[in-house]
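A.B. asks: for reference, the sequence and a predicted model appear below.
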Amino acid sequence: MKKLVLMAVAVMLILAAVVAWETTREPAREPLPVNTRMGGDFTMTDQRGEAFHSDALKGQVVLLFFGFTHCPDICPATMARMTQLYKNLEAAGQADDVQMVFITFDPERDTPEHLSQYLTWFHEDIIGLTGSEEQVEQVAKQFGVVFMPVGEDSQGGVEFAHSDFVYLLDRESRVRKLYPVDADLKEMQDDLLTLL
Amino acid sequence: MICLRCFDRVRALGPLLALSLAVLAPLSHAGEIDEPELLIDNMWLRAVPPVSSNTAGYFSVTNTSDEPVTLLGFSTDIAAAGELHTMAPQDDGTRRMQRLPDVPVPAGETVHFAPGGHHLMLFRLTRPLEEGEQVELCLEFDVTAPYCLPFEVRR
């Protein structure tokens, strides 16, 4: 009789533990949807002046941003935030398969050398891409990026109106999510980790 | 020059006292006691790579008086030119930087200069900025003497 009581208590404790675990654990995240209307292969020139094909990004989770280095507000702010996210991942030992990529839509001023100097200041791991006007227009079109020169500022520099999303690409270079420039870094990190 | 005197005190006396002095400085400079009082805080400049020649500055200004005040511009030794700008949303979903002739600060209200919105545009930096350094900018309003304050360089 005593054994039966003990067994019943044990079963109840196990059941209670299972119920507690089921009710307190975080629900499984839904996989991020694949955006089939954006992305695709492209060829450009990296900050070392060498040809770069998008195949080189396969196998890595990519944070992609389009901008121009003479942009004083949105672009450096976004680069700083992306770099912070990358450093957070580095600190957690999760950055090995993560790649940040910056594509300029101002190839006239953003030469490979200029891109190299600009991006290294943020982080040496960032890939910077420039190219011919045709290459830039093509890749921008593939990712739905809107940019247009809107004349000169008062100091003679070319101004651009531009969209400013950050793109999250999975290991197969498929677009999985777009973020506004002020998106929550924790949300981005959590999303990114589901793709690693 | 009130700007330099103000900044010297900022460096010597610390941020809190410095801000008080900054608020009082225009009053003493103008010799009037009924000028609108402005509270200015969270002043910072965007740290940018040395290869960048432009950057942006941010702050908040609260007009604690009953009179409207207008920010007309700013001056600083570390840039060849400075303008008031904003990032204006366009009909096509893009955003575009636009120059503002001035920025009103209505009585009793706070105006924020922040990334993605209003900002101080610094053209042609005269030298690279070091993260953490304090740089003096003098904010010029219509009815007060300039407010010269330290802006911290941050990423």
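C.D. replies: Here it is on my side, so go on.
A.B. asks: where does chain B come near chain A, residue by residue?
C.D. replies: Residues of chain B found near chain A (CB under 8 Å from any CB of the partner chain) are B:46, B:48-56, B:80-81, B:83, B:85, B:87, B:90, B:92-97, B:99, B:115-116, B:119, B:121-124, B:155. Where you see a C-beta, it was placed from the backbone N, CA and C, and this is true even at glycine.
A.B. asks: give me the buried subset of those residues.
C.D. replies: For these, a burial check counting by 16 or more other CB atoms under 10 Å in any protein chain shown picks out B:46, B:48-49, B:51-56, B:83, B:85, B:87, B:94-97, B:115-116, B:119, B:121-123, B:155.
A.B. asks: among these, name the ones in helices.
C.D. replies: Within these, no residue falls in helices by DSSP state H.
A.B. asks: which element is residue 72 on?
C.D. replies: By default, I'm working from chain A. Following DSSP states H and E, one finds residue A:72 outside all helices and strands.
A.B. asks: let me rephrase: I mean chain B.
C.D. replies: Following DSSP H and E, one finds residue B:72 within strand B:69-75.
A.B. asks: show me what that strand is in contact with.
C.D. replies: Contacts with strand B:69-75, where a contact means CB atoms under 8 Å, 6 or more residues apart in numbering or on different chains, come from B:3, B:36, B:38, B:57, B:61, B:63, B:82-84, B:102-105, B:107, B:111, B:120, B:137-144, B:146.
A.B. asks: also stretch B:106-121?
C.D. replies: For stretch B:106-121, contacts defined as CB under 8 Å, 6+ apart pick out A:72-74, A:77, A:181-182, B:36, B:46, B:54, B:56-69, B:71, B:74, B:82-87, B:95, B:97, B:99-100, B:103-105, B:137.
A.B. asks: take the residues you listed and keep only those in strands.
C.D. replies: Among these, DSSP state E puts B:46, B:56-63, B:69, B:71, B:74, B:82-87, B:95, B:97, B:99-100, B:103-105, B:137 in strands.
A.B. asks: stretch B:115-133: end-to-end distance?
C.D. replies: Taking CA to CA, to the nearest Å, stretch B:115-133 runs 19 Å from one end to the other.
A.B. asks: any idea how far that stretch is from the chain center?
C.D. replies: Computed by CA atoms, centre = their mean, to the nearest Å, the chain-centroid distance of stretch B:115-133 equals 11 Å.
A.B. asks: quick check: residue B:127 is in a strand.
C.D. replies: No. Under DSSP: H, G, I helix; E, B strand; the rest coil, residue B:127 sits outside any strand and is assigned coil.
A.B. asks: quick check: pLDDT value at residue A:181.
C.D. replies: Note for residue A:181: predicted pLDDT of 85.
A.B. asks: wait, it sits on residue A:77?
C.D. replies: Yes. Shown here, residue A:181 and residue A:77 form a contact pair, counting by CB atoms under 8 Å, at 6.7 Å.
A.B. asks: just the buried ones from the contacts of strand B:69-75?
C.D. replies: Here, 16+ other CB under 10 Å leaves B:3, B:36, B:38, B:57, B:61, B:63, B:82-84, B:103, B:105, B:111, B:120, B:137-141, B:143-144, B:146 buried among these.
A.B. asks: contacts for whichever strand or helix holds residue A:190?
C.D. replies: Using DSSP H and E, the element containing residue A:190 is helix A:185-195. By CB under 8 Å, 6+ apart, the residues outside helix A:185-195 that reach it are A:29, A:31-32, A:61, A:63, A:81, A:84-85, A:88-89, A:94, A:98, A:166, A:168, A:170-171, A:176-177, A:179.
A.B. asks: just list whatever residues bridge to residue A:149.
C.D. replies: In this structure, residue A:149 bridges to residue A:160 when assessed by DSSP bridges.
A.B. asks: wait, what's in contact with residue 138?
C.D. replies: Just going to use chain A. By CB under 8 Å, 6+ apart, the residues touching residue A:138 are residue A:42.
A.B. asks: actually chain B
C.D. replies: Residue B:138 makes contacts with B:3, B:74-76, B:146-149, as judged by CB under 8 Å, 6+ apart.
A.B. asks: for these, which PyMOL command selects only the ones that are buried?
C.D. replies: Of the contacts of residue B:138, the buried ones can be selected in PyMOL as follows, counting by 16+ other CB under 10 Å:
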select buried, chain B and resi 3+74+76+146+147+148+149
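A.B. asks: fine by me, thanks again.
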